[in-house]
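Asker: Give me the fold of what follows.
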Amino acid sequence: MRTEPVTLRHVGSRPAGLVTLSDPTGRDELGVDGVDTRSAVALLDRLLGGRAPLEAGVLTAADRDALLAALHRHCWSDRIVSTLTCVSCGEPFDLSFELSAVQRHLSGAATDWRAHAGVITHPDGRSIPLPTAHDELESVSEGAPGAAERLAARVGISADALVEAAEALEAAAPILDLDLDAECADCGRHQLAHFDLQSYVLQRLLDERETLLADIHALAARYGWSLGEILDLPRQTRQSFAKMASGASPAGPRTRHGGGA
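Answerer: Down below sits the predicted model:
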């Protein structure tokens, strides 16, 4: 099973196309070791699996977020639920929203800038190249200080136009890295809650590491499958088997499921 098809809207040198991601295996999940762009690119490369004629490194942040949103819906649901601490009363409260609703809101924002084939253009003739993940990673390779300026220079944006370019990119190719209005259920205080989809999805996979290990233990104990066989199972298949095996005692004869050696 694969994710919903995602339209890549900002890929340069090729027309927009529909791309799906594979259901993550245990190997894919264990391969996540951070919440930064490098980790996101590595995960998406594994889930693209060579079935799309592109690498995650050539995608813009907006297209990467579209794929990560599809991955979240595939693994969990469209709903995001996060527990926050109120800045006023100090009590915990939940922030809940539909991911697709935020995507529609961002894509529907009014702007004169238009994105096409890796470039955003304005009716007055101005154009700005869209940075790719490779551009982002190269710009931070020398450290965070000055990274924005290095990124701008890498894609041909002058230092004087940096602020304007950032605003144009936010309008024409928005990413899911924004502040949302939240209200404390206890005291009613309104406050801004920052949400970054890339960090959220990757952290959620990291937080499930113990659950993954429990799945591995349950399947190995019940069916006698090897670690390699279990890690090769697609996520949804592994979870279904683990749910069935969790209440059973270890089996006697070894049972094969058709996975790798």
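Asker: hey, C-alpha coordinates of stretch 218-229 in CSV?
Answerer: Extracted in CSV, the C-alpha atoms of stretch 218-229 (Å, rounded to 0.1, in the frame of the first residue of the first chain):
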residue,chain,number,x,y,z
ALA,A,218,6.0,-9.9,19.5
LEU,A,219,6.5,-11.1,15.9
ALA,A,220,9.8,-12.8,16.7
ALA,A,221,8.3,-14.5,19.8
ARG,A,222,5.1,-15.6,18.1
TYR,A,223,6.3,-16.6,14.6
GLY,A,224,10.0,-17.1,14.9
TRP,A,225,10.7,-14.6,12.2
SER,A,226,14.2,-13.1,11.9
LEU,A,227,14.9,-9.4,12.6
GLY,A,228,15.6,-8.9,8.9
GLU,A,229,12.2,-10.4,7.9
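Asker: Give me the buried positions along that stretch.
Answerer: Judged by neighbour count (16 or more other CB atoms under 10 Å), stretch 218-229 contains these buried residues: 218, 219, 220, 222, 223, 225, 229. To be clear about C-beta, it is placed using only N, CA and C from the backbone, and glycine gets the same treatment.
Asker: And for stretch 77-86?
Answerer: Buried-residue list, stretch 77-86, by 16+ other CB under 10 Å: 80, 86.
Asker: Quick one: residues in contact with that stretch.
Answerer: Counting by CB atoms under 8 Å, 6 or more residues apart in numbering, stretch 77-86 makes contact with 72, 91-100, 182, 184, 186-187, 189, 191, 193, 195, 200, all of which sit outside it.
Asker: ok, 6 Å please
Answerer: Residues outside stretch 77-86 that contact it (CB atoms under 6 Å, 6 or more residues apart in numbering): 92, 93, 94, 95, 96, 97, 98, 99, 100, 184, 189, 193.
Asker: try stretch 61-70
Answerer: 3, 4, 6, 8, 10, 44, 99, 173, 175, 176, 197, 201.
Asker: Is the last one located within a strand, as I assumed?
Answerer: In this case it means residue 201. No: secondary structure of residue 201 (DSSP: H, G, I helix; E, B strand; the rest coil): helix, not part of a strand.
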